[in-house]
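Enquirer: Please find the sequence and the predicted model below.
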Amino acid sequence: MTFARRSELLVAAVVGGALAAYAGSRWQRGLSPLRADLGRRRELLEAPGVLRLSIVIPAYGEDERIGETVRSLREGLAGFVSGSELEIIVVDDGSPDATATAARNAGADIVVRHQVNRGKGSAVRSGVLVANGRSVVFTDADLSYSPDQIPALVELIENGWDVVVGSRRHHDTTTLVRARRLREVGGRAINLLTRAVLLGHYRDTQCGLKGFRSDVARLIFSHTLVDGFAFDVEVFHLIERYHLSLTEVPVRVENSSRSTVRVARDALRLVRDLFLVRRWSVEGRYDLTADDLLVPGAVNEVTTPEGD
């Protein structure tokens, strides 16, 4: 694709983002009672789970490096959590290669294999819903975020936060290897697009390092519907909708030259999925049921938004 064509697509994405942000601001004013108390850390009972930590790794076409990823995570976390308290889950999202086999050979505790490629959102959902840890963290197969950053998320979760997310635009974030300029500009356009759905203003919704209490993770991912790139935004929407707490933390980033993100393509898919999230929200597809409120821990403190 020529540089001019790429520029045209980026301009279209930014313009689309501005329109979506305008529409989103009108939508937000209409749903102001749904605004979540995101900054409210709570004193909670220990989250349910038989292990301290589960790490979910969505993977596609990663047979060359998934083994090293699994080993690096286990070695990098050895001083924080014992091997018997750590669970590594790899979800092979319909890879055409031997990703699942390589993950098993490297010692992944659970390997889930999708028969067809469904998308990152679907892969993360599959991993979260089989996790056994009291804290559940997902990270990318390329380890753009080194394993030694995970303990900070877990400790915040154990101290009362429902969700802890990495932010590449936090003022304390360090970028070791910068992404290409096209991807940086596209990422900012994507963040602008998210305002069509989200009430809060977040520095970074797409960071590939996020952590959850186990009961909160199960609540959220048992209700997500987006399989693709926009699943992160849907997760933020459900955090707001269910009045869960969230804090952002700085990260150290090393962008991978093998990233599967394609700015123009993913921006267009994101626009489509954002409008689906809004439609599903209005239709009540994300409403909580009595069964949701029976889950022990943080979920018992979730208040269904008035007027929902």
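Expert: Yep, that arrived.

Enquirer: how about the helices of this protein, start to end?
Expert: Secondary structure of the chain (DSSP state H): helices at 3-30, 66-76, 99-105, 120-128, 150-158, 181-193, 214-221, 231-241, 263-283.

Enquirer: residue ranges with poor pLDDT in the stretch 151-300 of the chain?
Expert: 169-193, 195-196, 200-201, 203, 255-266, 293-300 (pLDDT under 70).

Enquirer: switch the cut-off to 90
Expert: For the stretch 151-300 of the chain, applying pLDDT under 90 flags the ranges 167-208, 228-230, 252-275, 278, 289-300.

Enquirer: mind checking how far the residue nearest to S222 when sequence neighbours are not counted is from S72?
Expert: Nearest-residue entry for S222: L129, 6.8 Å, with adjacent residues in sequence omitted and distances by C-beta to C-beta, 6 or more residues apart in numbering. Any C-beta I mention is one placed from the backbone N, CA and C, and that applies to glycine too. Distance of L129 to S72, given as C-beta to C-beta, to the nearest Å: 25 Å.

Enquirer: still on that earlier bit, residues near the residue nearest to S222, how many?
Expert: 14 (other C-beta atoms under 10 Å).

Enquirer: what do you get for V70?
Expert: Neighbours of V70 (other C-beta under 10 Å): 25.

Enquirer: Kindly report the same for the one 3 residues further on.
Expert: When counting by other C-beta under 10 Å, one arrives at 22 neighbours for L73.

Enquirer: Then W280?
Expert: Residues near W280, counting by other C-beta under 10 Å, number 16.

Enquirer: With the one 3 residues further on instead?
Expert: Here the number of neighbours of E283 (other C-beta under 10 Å) works out to 9.

Enquirer: Then V251?
Expert: Neighbours of V251 (other C-beta under 10 Å): 25.

Enquirer: Isn't it up against V164?
Expert: No. The pair V251 / V164 is not scored as a contact, 11.0 Å apart, by C-beta atoms under 8 Å.

Enquirer: what about N105, neighbour count?
Expert: By the criterion of other C-beta under 10 Å, N105 has 14 neighbours.
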